[in-house]
Every structure is written in structure tokens, then in C-alpha cells.
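Trainee: using only what follows, build the 3D model:
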Amino acid sequence: MSKVKIYHNPRCSKSRIGVQILEKAKVEFEVIKYLNNTPSEKEIKELLQMLNISAIDLVRKGEKIWKENYKGKELTNDQIITAMFENPKLIERPIVIKDNKAVIGRPSENIINLIK
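Mentor: Sure, this is the predicted structure:
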């Protein structure tokens, strides 16, 4: 069975629920605390491909950093990826990866469906 990874922020309740789901399912997984271990711009692009979404769909648009610095601006995908790299708080969470597929754990059923 392939190893599962979760991009996790311990301060986020949805992220903690994601870890609990994986533990309960007795899935072997690796925790990536992405606020301490920021994914590179290349890794963010790979995540977007696995998630099959555009960069803007991975952004937490309610974050103060987004509202103050980026909201309402015409940004390219690369500019949005750079913003997430420079401000990892902007990355939606949790992200769970299995094989070459990834889901955002909102709602948490997404994680359950991925690891089945």
C-alpha cells in the first residue's frame, strides 16, 4: 500500500480532524507541517496538478494576508503560487495525498473517499 501524506496545520481544527481520520483508518501516513516546512513553488504546482484545481482554488481567501495584499488584483497562476509560497498560511488545509491523487479535507469525507 502506498504511503499517504497530509499537509497539516496543528492549529486548524479541520486539519486535526484529517489526522484523526487517517489514524482511525489505521493508514500509515506522513505529516507535513507546511507552515514550518513550506512547499516550494514546484511542489505547490505538483499539488495543484494532483488536486486538479487552479491556484486560486487552493487559496484561503478569508486570510488577512490575502485580503490586504492580493484580493481584487488580477493575478496569474504563477503569482498566486508565489503568494502561497511566501505566505503558506494562504494554502487551504488539510491536503491529503495518496498515490498521485490529492484532496482538500473540506469536507472531511473527501479524505475518507481518497483512502478507501
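Trainee: show the contacting residues for the residue most central in space within the chain.
Mentor: Nearest residue to the geometric centre of the chain (Cα atoms, centre = their mean): I95, 3.6 Å. Going by Cβ atoms under 8 Å, 6 or more residues apart in numbering, I95 touches 6-7, 47, 51, 102-105. Every residue, glycine included, has its C-beta placed from N, CA and C.
Trainee: for P107, phi and psi?
Mentor: Dihedral angles of P107 (phi, psi; degrees, to the nearest 10) stand at phi -70, psi 160.
Trainee: in strands, which of the contacts of I95 appear?
Mentor: Residues of the contacts of I95 located in strands (DSSP state E): 6-7, 102-104.
Trainee: what is the nearest of those to K116?
Mentor: Of all the ones in strands among the contacts of I95, V103 has the smallest distance to K116: 11.6 Å, by Cβ to Cβ.
Trainee: partners of the closest one in the sheet?
Mentor: For V103, the beta-bridge partners are V96 (DSSP bridges).
Trainee: go ahead and confirm it touches I112.
Mentor: No - using Cβ atoms under 8 Å, V103 is not in contact with I112, being 9.6 Å away.
Trainee: who's more crowded, these two?
Mentor: Set V103 next to I112 and count neighbours by other Cβ atoms under 10 Å: V103 wins out with 23 against 16.
Trainee: how about the contacts made by that one?
Mentor: By Cβ under 8 Å, 6+ apart, V103 lies in contact with 51, 95-96, 110-111, 113-114.
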